[in-house]
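J.: Here is the input, now give the coordinates:
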Amino acid sequence: MQPTPFQQQKMEKYEIRKTTYNNTWKTDLMGATCANPLWCLFGGCCPQCASYLLRKQALYNDMSRYVCCAGQCPCSGRMKEQECPEVCLAAEVCFCFTQSVASTRWMIQDEMRIQNTQCDNCLIGCMVAMQYVACLCNIAACLSGNDEVAELAHCTDNIAQVAWCTVCACMQAQHKEQLDERDRQGHPPPPNPLQAPGVQMMPPSAYAGGPPPQGGGYPPQGYQPQQGYPQGYPQGPQQGGYPQQQQQPPQGYYPQQGGYPPQGPPQQMNRY
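T.: Have a look, this model is predicted:
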């Protein structure tokens, strides 16, 4: 079965993150609790609010950059997010909380070229595996109708939820530490992909070595190239360089008799 274009794009992004990103998180998941305990507690008690604030900070507090799930889902860009981005983000963190946290994480990794540590991958993988085990136990309990299997499924689900809440709180604290470090260093925001860039004027020196690019807005609209030489400048090419050498002495100038310097030996002056 051939993957869809969206699945192919997701796999390509995953390979890029895995092979080319060489930066590390400011703190790993194991140390996120000690690095920012208050935000870790906030992320555990009110995870939706934490996810909302972190996504907004990741967007440089510019909601014109917002796209549902950061463009990671097939529905991204089709929900009319630009009409009311704050409401759409609130709906995302409430109804798609897991995806909202993951999307913010991928945004930070793509912008700063950050790769997960082995410990981070192990914790995230165990959390996801426990969610799958809990789901399989619930399916088995529904099909069998056995009370013991239902009790096992309920217990497994509780363990998976506790693991998820714990890891998610540490993950959001990790995101907060990384975004604060980015803002402290004063990184400028990248270009907004949702807004068409305006016409940028480039100096003629930028085109040295080749013709100016086509369609780049140069020369500006309404610019009429001049024909010939500007008014007030000598017309035509000059002989002997510029400015033109004068052939006649200026008015009021009287040349010395005999020329200068005088020809022949110097004459002795009579002192008496």
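
J.: Would you verify that residue 25 is located in a strand?
T.: No: under the criterion used here (DSSP: H, G, I helix; E, B strand; the rest coil), residue 25 is coil, not part of a strand.

J.: Distance check, it against residue 122.
T.: 14 Å (CB to CB, to the nearest Å). C-beta coordinates here come from the backbone N, C-alpha and C atoms, glycine included.

J.: Which one of these two is surrounded by more residues?
T.: Counting neighbours by other CB atoms under 10 Å for residue 25 and for residue 122 shows that residue 25 has the greater number, 22 against 13.

J.: which secondary element of this protein has the worst mean pLDDT?
T.: Of all regular secondary-structure elements in the chain, judged by mean pLDDT, DSSP states H and E, the least confident is helix 5-19 with a mean of 72.

J.: Alpha carbons only: can I get that one in PDB?
T.: This file holds the C-alpha atoms of helix 5-19, laid out as PDB (Å, rounded to 0.1, in the frame of the first residue of the first chain):
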ATOM      1  CA  PRO A   5       1.300  12.500   0.100                       C
ATOM      2  CA  PHE A   6       0.700  13.700   3.600                       C
ATOM      3  CA  GLN A   7       2.100  10.500   5.100                       C
ATOM      4  CA  GLN A   8       5.100  10.700   2.800                       C
ATOM      5  CA  GLN A   9       5.700  14.300   4.000                       C
ATOM      6  CA  LYS A  10       5.500  13.200   7.600                       C
ATOM      7  CA  MET A  11       8.000  10.500   7.100                       C
ATOM      8  CA  GLU A  12      10.400  12.900   5.400                       C
ATOM      9  CA  LYS A  13      10.100  15.300   8.300                       C
ATOM     10  CA  TYR A  14      10.800  12.500  10.700                       C
ATOM     11  CA  GLU A  15      13.900  11.500   8.900                       C
ATOM     12  CA  ILE A  16      15.200  15.100   8.800                       C
ATOM     13  CA  ARG A  17      14.700  15.500  12.500                       C
ATOM     14  CA  LYS A  18      16.400  12.200  13.200                       C
ATOM     15  CA  THR A  19      19.500  12.700  11.000                       C
END
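
J.: neighbouring contacts of it?
T.: Defining contact as CB atoms under 8 Å, 6 or more residues apart in numbering, one finds that helix 5-19 is touched by 3, 72, 74, 106, 109, 110, 115.

J.: ok, the fifth one - how many residues close by?
T.: So that's residue 109. Other residues near residue 109 come to 18 when the count uses other CB under 10 Å.

J.: Pull out the buried positions in the helix or strand containing it.
T.: With elements delineated by DSSP states H and E, residue 109 resides in helix 97-112, which encompasses its position. In terms of neighbour count (16 or more other CB atoms under 10 Å), helix 97-112 has its buried residues at 99, 100, 101, 102, 103, 104, 105, 106, 107, 108, 109, 112.

J.: What is the nearest of these to residue 41?
T.: Comparing the buried residues of helix 97-112 against residue 41 with CB to CB places residue 101 closest, at 16.3 Å.

J.: ok, now which ones touch that closest one?
T.: Applying CB under 8 Å, 6+ apart, one finds that residue 101 lies in contact with 47, 51, 168, 171, 172.

J.: Next, the contact list for the closest residue to the last one other than its chain neighbours, please.
T.: It stands for residue 172. The shortest distance from residue 172 to any residue other than its chain neighbours is 3.7 Å, reached at residue 43 (CB to CB, 6 or more residues apart in numbering). With CB under 8 Å, 6+ apart as the criterion, the residues that contact residue 43 are 50, 168, 169, 170, 171, 172, 173.

J.: Out of those, list just those in strands.
T.: The strands in this structure, assigned by DSSP state E, contain none of the contacts of residue 43.

J.: ok so, going back, how about CSV for the contacts of helix 5-19, with pLDDT and distance to residue 61 added?
T.: CSV is the format used below for the contacts of helix 5-19 (pLDDT from 0 to 100; distance: CB to CB, whole Å):
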residue, pLDDT, distance to residue 61
3, 69, 36
72, 81, 21
74, 78, 27
106, 90, 19
109, 91, 20
110, 89, 19
115, 88, 26
